[in-house]
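Novice: My questions are about this predicted structure, shown below with the sequence.
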Amino acid sequence: MLNNCSRGMGYPNGSTYFELAYVCETAYNNRKTGGDNMGIYLNPGNAAFAKAVHSKIYVDKTELIAYTNELIGTKQGNLCVSRPRRFGKSMSADMLAAYYSRGCESRELFCNLKVKKADTFSSHLNRHSVIFLNMQRFLSRAAGPGQLVPYLERCVIKELKKEYQAAVCLEEDIWEDLCLSEAFEQIYAAAGERFLFLIDEWDCIFREKQQDIQAQTLFLDFLRDLLKDQPYVDLAYMTGILPIKKYGTHSALNMFDEYSMMNPGPLAEYIGFTDCETAALCSTYHVDYQEMKRWYDGYCVGKELHIYSPKSVVDAVLHGRFSNYWTATETYEALKVYIEMDFDGLKTAVLTMLGGGKCKINIRTFQNDMTSFQSRDDVLSLLVHLGYLAYDMDTEEVFIPNQEIADEFENAVENGGWEEMAELLRRSQALLKATLEGDSETVGKILDAVHMENTSVLAYHNENALSCVVTLAYFSARKDYFLIREMPAGKGFADIVFLPRKQTDLPAFVVELKWNQSAQGAVWQIKQKQYVQSFIKYTGEILLVGINYDKKNKQHQCVIENVEKA
């Protein structure tokens, strides 16, 4: 704990952390700054976070502050938190700036929020010198990618000079010759002041200037010089979409602890909206929670924790309808570029996931950029960080998390020259229609066609492969049904269950699959294991669908029976 720090722990004159913080705070407030203490980059104040808190919908994530409080002034005080666009990265940075920045009074802003209960709440509230750097803004204003660092240094040094000129006592021309790290070193040497660095959109140069390796290298070198092993750094908190770029055989910023969509660690609950938070919003605004889950749930960030896209949940609540809110913030062309890359196994993986399956991947080869792809696993790893796929840490598998993302993949493949996929989607409606009408012969023929169209990319040699093809063939049913694979039911697990949504009067149906056996035997298993008895809340028509693939004649047989559930 910081309040147990002793003298001689690296602070000037053997002071304790809080003694030094008090001295610096007093010196800061006594300086003649010509007016307002809030700056652009130095102690930017709390206006941005206040805007979020006062919005119609605000989900309290302030307990993150209690976590970062424990890291200030320690070797663990370097965090890089990556997550997809519109997942609350900037809001978290604004929150930290509002809480830590000197020169503003934020107690009232936080008094009704969760962090107020933390033991360290008052100890750090508005008691730190904060440097807030939005890299997206600097990149857009600089004359070019190669000018990002010089432009940033000029802007920040200008503000530092205004604030610390009296304490540092450097000549005008000397300030102009300093690089940013040297300016901080001078301030620390003269005034003993330490800083909290909040760096938002740190990776924008890697996303927007993907081919400019020289500018990227200069930027990494700048960050390393600014932050690594510097006595003036009390905390560095970076946000972005990508993890830290691997630089040669190691990372240029290897002092950072990284928390991402693949390994969120203790920050998992702060990445997006949790189940509990989403359920509470649904209850407050009378929104269908199960439909919310279907549309936006599915991102695994721990053994039991799933998160939702904040953008999508908030818009669904405010607009009173479910739609593609998060994916609408970027054209499907962005996804299309990656899933059309010519890597062995990539198309198979996409089709498998569209069929409701999962794909094993090796995430360790990914170079944390958007250009250095060596395999399909690198592409799929990037799609996890971009938010288009979810990753299961335990099984090391990726999958399509929800309806919103599935729709985006559908748009990408339909308009991306995947003729076989486009034809499959057209057949899908016919397959559902035949199933509901009990036309087992047509169901078998359509499955034969789907299998033949995708045999070049989907290995077809066991019941799991059959399950992927069947689920893929029923793709369009997702609009009217909840599709559940391996659903615990009766005395076992039903292969695929289709439960109609509340707003429809369609029958439910259970699909049992057999490989080189018989379709009638599949229906018998549904009855014998009493799968339909698990549909406690469902009263109405239920279809029992047995599907078998005959390996010898390479055909699918189907049997459909209709039952009424008591």
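Specialist: That came through, no problem.
Novice: Quick check: buried residues in stretch 273-287?
Specialist: Buried positions in stretch 273-287, judged by neighbour count with 16 or more other C-beta atoms under 10 Å: 273-275, 277-278, 281-282, 287. (C-beta placed from N, C-alpha, C; glycine too.)
Novice: and which of these is nearest residue 469?
Specialist: Of all those, residue 275 has the smallest distance to residue 469: 31.5 Å, by C-beta to C-beta.
Novice: quick one: low-confidence ranges for the stretch 1-150 of the chain?
Specialist: Screening the stretch 1-150 of the chain residue by residue with the criterion pLDDT under 70, one finds the ranges 1-37.
Novice: Next: the chain.
Specialist: Along the chain, segments meeting pLDDT under 70 span 1-37, 247-251, 302-303, 416-417, 420-422, 453-462, 490, 502-504, 535-539, 564-566.
Novice: before we move on, the earlier item: any chance of the buried residues of stretch 273-287 in TSV, with distance to residue 207 too?
Specialist: Formatted as TSV, the buried residues of stretch 273-287 follow (distance: C-beta to C-beta, whole Å):
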residue	distance to residue 207
273	24
274	27
275	30
277	28
278	28
281	30
282	33
287	33
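Novice: count of residues packed around the nearest residue to residue 61 once chain neighbours are set aside?
Specialist: Closest residue to residue 61 apart from its sequence neighbours, by C-beta to C-beta, 6 or more residues apart in numbering: residue 270 at 5.2 Å. Residues near residue 270, counting by other C-beta atoms under 10 Å, number 22.
Novice: So which of the buried residues of stretch 273-287 belong to strands?
Specialist: Counting by DSSP state E, the buried residues of stretch 273-287 place 273-274 in strands.
Novice: re the thing from before, ok, the residue nearest to residue 61 - contacts?
Specialist: 61, 63-64, 81, 88, 92 (C-beta atoms under 8 Å, 6 or more residues apart in numbering).
Novice: out of these, who has the most neighbours?
Specialist: In terms of neighbours by other C-beta under 10 Å, the contacts of residue 270 top out with residue 92 at 26 neighbours.
Novice: Now that one: which helix or strand?
Specialist: helix 89-100 (DSSP states H and E).
Novice: Show me what secondary structure element comes after that helix.
Specialist: Following helix 89-100 in sequence order, the next helix or strand is helix 107-110 (DSSP H and E).
Novice: chain center to that next one, what's the gap?
Specialist: Averaging C-alpha positions (C-alpha atoms, centre = their mean, to the nearest Å) puts helix 107-110 29 Å from its chain's average.
Novice: Buried residues in the helix or strand just after that helix, which are they?
Specialist: Next along the chain after helix 107-110, taking DSSP H and E as the criterion, comes helix 121-124. For helix 121-124, a neighbour-count test (16+ other C-beta under 10 Å) marks 121, 123-124 as buried.
Novice: Counting by contacts, list what helix 121-124 packs against.
Specialist: helix 63-69 (3 or more C-beta pairs under 8 Å, 6 or more residues apart in numbering; DSSP states H and E).
Novice: try 7 Å
Specialist: Helix 121-124 sits against no helix or strand, with contacts defined as 3 or more C-beta pairs under 7 Å, 6 or more residues apart in numbering; DSSP states H and E.
Novice: hmm, what's the outermost residue in this structure?
Specialist: Here the chain reaches farthest from its C-alpha mean at residue 171, the gap being 46.9 Å by C-alpha atoms, centre = their mean.
Novice: how near is it to residue 211?
Specialist: 41 Å (C-beta to C-beta, to the nearest Å).
Novice: repeat for residue 180
Specialist: Residue 180 sits 26 Å away from residue 211, going by C-beta to C-beta.
Novice: do the same with residue 71
Specialist: In this view, residue 71 and residue 211 are 36 Å apart by C-beta to C-beta.
Novice: Tell me who's in contact with residue 514.
Specialist: The contact partners of residue 514, taken as C-beta atoms under 7 Å, 6 or more residues apart in numbering, are 521-522, 548.
Novice: scratch that, residue 444
Specialist: 555-558.
Novice: Just the buried ones from these?
Specialist: Buried members of those, scored by 16+ other C-beta under 10 Å, are 556-558.
Novice: out of the residues you listed, which are inside strands?
Specialist: If you go by DSSP E, the buried ones among the contacts of residue 444 have 556-558 in strands.
Novice: What residues sit buried inside stretch 204-211?
Specialist: Using 16+ other C-beta under 10 Å as the test for burial, stretch 204-211 gives 204-207, 209.
Novice: ok, of those, which one's closest to residue 149?
Specialist: Taking C-beta to C-beta as the measure, residue 149 lies nearest residue 205 of the buried residues of stretch 204-211, at 9.8 Å.
Novice: For the contacts of residue 514, please prepare a markdown table with the additional fields neighbour count, distance to residue 356 and secondary structure.
Specialist: As requested, those are exported to a markdown table (neighbours: other C-beta atoms under 10 Å; distance: C-beta to C-beta, whole Å; DSSP: H, G, I helix; E, B strand; the rest coil):
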| residue | neighbour count | distance to residue 356 | secondary structure |
| --- | --- | --- | --- |
| 521 | 14 | 23 | helix |
| 522 | 23 | 18 | helix |
| 548 | 24 | 19 | strand |
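Novice: Turn these into a markdown table, including distance to residue 146.
Specialist: Listed next are the contacts of residue 514 as a markdown table, based on distance: C-beta to C-beta, whole Å:
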| residue | distance to residue 146 |
| --- | --- |
| 521 | 68 |
| 522 | 64 |
| 548 | 63 |
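Novice: Packing partners of the helix holding residue 92?
Specialist: Using 3+ C-beta pairs under 7 Å, 6+ apart: helix 89-100 touches helix 47-53, helix 63-69, strand 129-134, strand 195-200, strand 233-240.
Novice: Name the residues that touch the fourth one?
Specialist: Taking C-beta under 7 Å, 6+ apart as the criterion, the residues outside strand 195-200 that touch it are 89-90, 93, 96-97, 100, 128-135, 184, 227, 232-239.
Novice: can you rerun that using 6 Å?
Specialist: Outside strand 195-200, the residues within contact range by C-beta atoms under 6 Å, 6 or more residues apart in numbering are 90, 93, 96-97, 100, 128-134, 232, 234-239.
Novice: Ok, the longest one next?
Specialist: Under the criterion C-beta under 6 Å, 6+ apart, residues 72-73, 77-82, 89, 93, 194, 196-200, 202-203, 227 lie in contact with strand 233-240.
Novice: Keeping just the C-alphas, turn that strand into CSV.
Specialist: Only the C-alpha atoms of strand 233-240 are listed here, as CSV (Å, rounded to 0.1, in the frame of the first residue of the first chain):
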residue,chain,number,x,y,z
VAL,A,233,6.7,8.7,-14.0
ASP,A,234,4.4,7.7,-11.2
LEU,A,235,1.9,6.0,-13.5
ALA,A,236,1.5,5.4,-17.2
TYR,A,237,-1.9,4.3,-18.5
MET,A,238,-2.3,3.8,-22.2
THR,A,239,-5.4,2.8,-24.2
GLY,A,240,-5.7,1.6,-27.8
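Novice: Let me have the helices and strands packed on helix 89-100 in JSON lines, adding distance to residue 110 as columns.
Specialist: Output for those, formatted as JSON lines (distance: least, C-beta to C-beta, whole Å):
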{"stretch": "helix 47-53", "distance to residue 110": "9"}
{"stretch": "helix 63-69", "distance to residue 110": "8"}
{"stretch": "strand 129-134", "distance to residue 110": "15"}
{"stretch": "strand 195-200", "distance to residue 110": "16"}
{"stretch": "strand 233-240", "distance to residue 110": "17"}
